[in-house]
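Undergrad: sequence and computational prediction follow.
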Amino acid sequence: MNNILTKSVWRMRNKDDFKAGQEVNAALIPTGGTSYQLYVPSGGCHNACIFCNYGFNHPVRREKILKRVEHICKFLPRNVETLILESSGSFLDDREFSEDLQYQIMGIVARTNVYRVQIETHYKTVTYEKVKKILEILSGHVVAFEFGLESANDATLSIYNKDIDVGKLYQVVLNCNNLGIETSLNVMVGAPLLTIKEQVQDTLDTVKHILRGCPENTAIVLFPLNIKDYTLVKHLYNQGRYSAISHWEFIEVLEKIPRNVLDRIYISWWGNRYNEFHGKKAIIHPKSCEKCHNQLMDFYSKFVNAKSVEEKQKLVEKISMVSCECRDDYEKEKESQKIDKDIWQRLAEEEKKLIDEFDL
């Protein structure tokens, strides 16, 4: 990870004196369609991604958490098909909470009727021993792992301050596939310091990279970058060096993905979610106008619930026909952006600004 970005991220996180160290409990969060997230508070992620506010250290009260998880699992909504296990970072990270507690929570979930149990975690937390234990506990359920990739481009990963070796991540994906575990990779749309055209192309290149490098059943989850409180992205936003992406940028990415692979494409965080403990006002979602907003939300809802590649194709074709002034504004902004410096030069200049702003 980049030393300057890492220090800046932790300065931003440490501004939240109220949330850091606050005791919270497990919660069930709808994520769209038949998917729900079972959030378990933890010691917090030790990584320093610039867009993420998962670094808060919450006290882990074992009995309180287990009691709450029992209650949640007893009264799950009837439509739950996928239950996503998530902590304040990586669910399988023993630094966040003990391996024993991880397995106890899985044991409770194993007694439910959900079809699939998906675990969101950093690829470095996955070991052969853990995988075998998880498959033993969750036998009878489809088991899936969700990993954050964001981009397959080294420069973009450096901007995000992601601690990832793409080749090693792909190897973990392959190993999981060989053991019968489904996998999905998260890909972000909207990296700071890039032009709109570069952001779109970076995402499309990453999708192609995954299609070439991972098993055919590897799912790809596209996220438009949300601007969250207590993140470095929010600092850049406040300084006027970053703005929320347009919904039409996200739509453009979906339009340009080959139609025949749309069955492997899923979406999340398009404006349907907020941080459970920071509230709705703590997140700035992608932007649109009142004229097209409902059409976009309807498209996202139908896309996430689509059951076939043909259905997704028709939905993308339909939303592509929508015209709107804010879509025209997006196209004009995209065409007007000109940068004559490479990404590494832009990142170096940004580091100098952060050193001054955070007195590093």
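TA: Sure thing, it's come through.

Undergrad: buried residues in the longest helix along the chain, which are they?
TA: Taking DSSP state H as the assignment, the helix of the chain that covers the most residues is helix 196-213. Residues of helix 196-213 classed as buried: Ile196, Glu198, Gln199, Val200, Asp202, Thr203, Leu204, Thr206, Val207, His209, Ile210, Gly213 (neighbour count, 16 or more other CB atoms under 10 Å). No exception for glycine: its C-beta is placed from N, CA and C like everyone else's.

Undergrad: now stretch 176-193
TA: Applying a neighbour-count criterion of 16+ other CB under 10 Å, one finds 176-177, 181-193 buried in stretch 176-193.

Undergrad: same question, stretch 241-254
TA: Neighbour-count burial for stretch 241-254 [16+ other CB under 10 Å]: Tyr242, Ala244, Ile245, Ser246, His247, Trp248, Glu249, Phe250, Ile251, Glu252, Val253, Leu254.

Undergrad: do the same with stretch 57-66
TA: Of the residues in stretch 57-66, those with enough neighbours to count as buried (16+ other CB under 10 Å) are Asn57, His58, Val60, Ile65, Leu66.

Undergrad: let me know the closest of those to Glu311.
TA: Nearest to Glu311 among the buried residues of stretch 57-66 is Ile65, at 38.8 Å by CB to CB.

Undergrad: wait, the closest one touches Ser42, no?
TA: No. Under the criterion of CB atoms under 8 Å, Ile65 lies out of contact with Ser42, with a separation of 9.4 Å.

Undergrad: and the helices in the stretch 51-200 of the chain?
TA: Secondary structure of the stretch 51-200 of the chain, counting by DSSP state H, counting those that start in this stretch: helices at 62-74, 99-110, 128-137, 154-160, 166-178, 196-213.

Undergrad: switch those helices over to CSV; also include distance to Asp329.
TA: Written out in CSV, the entries for the helices of the stretch 51-200 of the chain read as follows (distance: least, CB to CB, whole Å):
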stretch, distance to Asp329
helix 62-74, 43
helix 99-110, 45
helix 128-137, 48
helix 154-160, 25
helix 166-178, 35
helix 196-213, 12
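
Undergrad: in CSV: those, plus distance to Tyr300 and mean pLDDT.
TA: Converted to CSV, the helices of the stretch 51-200 of the chain look like this (distance: least, CB to CB, whole Å; pLDDT from 0 to 100):
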stretch, distance to Tyr300, mean pLDDT
helix 62-74, 26, 95
helix 99-110, 27, 97
helix 128-137, 31, 97
helix 154-160, 23, 97
helix 166-178, 26, 97
helix 196-213, 16, 98
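
Undergrad: the nearest residue to Ile245 once chain neighbours are set aside and Phe250, how far apart?
TA: Using CB to CB, 6 or more residues apart in numbering and skipping residues adjacent in sequence, the residue nearest Ile245 is Gly190, 4.0 Å away. Relative to Phe250, Gly190 is positioned 8 Å away (CB to CB, to the nearest Å).

Undergrad: what do those two both touch?
TA: Any residue near both Gly190 and Phe250 by CB atoms under 8 Å, 6 or more residues apart in numbering counts here, and that gives Pro224.

Undergrad: quick check on the nearest residue to Leu174 once chain neighbours are set aside: phi, psi?
TA: Here the nearest residue to Leu174 in space, its sequence neighbours aside, is Pro215; by CB to CB, 6+ apart that works out to 6.4 Å. Geometry field for Pro215 lists phi and psi as phi -60, psi 150, criterion degrees, to the nearest 10.

Undergrad: inside strands: which ones of the buried residues of stretch 176-193?
TA: Residues of the buried residues of stretch 176-193 located in strands (DSSP state E): Glu182, Thr183, Ser184, Leu185, Asn186, Val187, Met188, Val189.

Undergrad: what's opposite the fifth one in the beta bridge?
TA: Beta-bridge pairing of Asn186, defined through DSSP bridges, involves Gly148, Val221.

Undergrad: which ones are touching it?
TA: Applying CB under 8 Å, 6+ apart, one finds that Asn186 lies in contact with Glu146, Phe147, Gly148, Leu149, Glu150, Val221, Phe223, Ser268.

Undergrad: thinking again about what came up before, can you name the two of the buried residues of stretch 176-193 that are farthest apart?
TA: Of all pairs drawn from these, the widest gap by CB to CB lies between Ile181 and Leu193 and measures 34.9 Å.

Undergrad: quick revisit: quick one: which of the ones in strands among the buried residues of stretch 176-193 is nearest Asn2?
TA: With CB to CB as the yardstick, the closest approach to Asn2 among these comes from Met188, at 16.8 Å.

Undergrad: the residue lying closest to that closest one once chain neighbours are set aside: how many residues sit nearby?
TA: With sequence-adjacent residues excluded and distances taken as CB to CB, 6+ apart, Met188 is closest to Glu150, at 4.2 Å. The local packing count at Glu150 equals 24, with neighbours defined by other CB atoms under 10 Å.

Undergrad: I'd like to know how far Asn217 sits from Thr203.
TA: Here the distance between Asn217 and Thr203 works out to 21 Å (CB to CB).

Undergrad: what sits closest to Asn260 if chain neighbours are left out?
TA: Across the structure, with CB to CB, 6+ apart as the measure, the residue nearest Asn260 apart from its sequence neighbours is Val309 (6.9 Å).

Undergrad: so the one you found sits right up against Asp263, yeah?
TA: Yes. With contact defined as CB under 8 Å, Val309 reaches Asp263; the gap is 3.7 Å.
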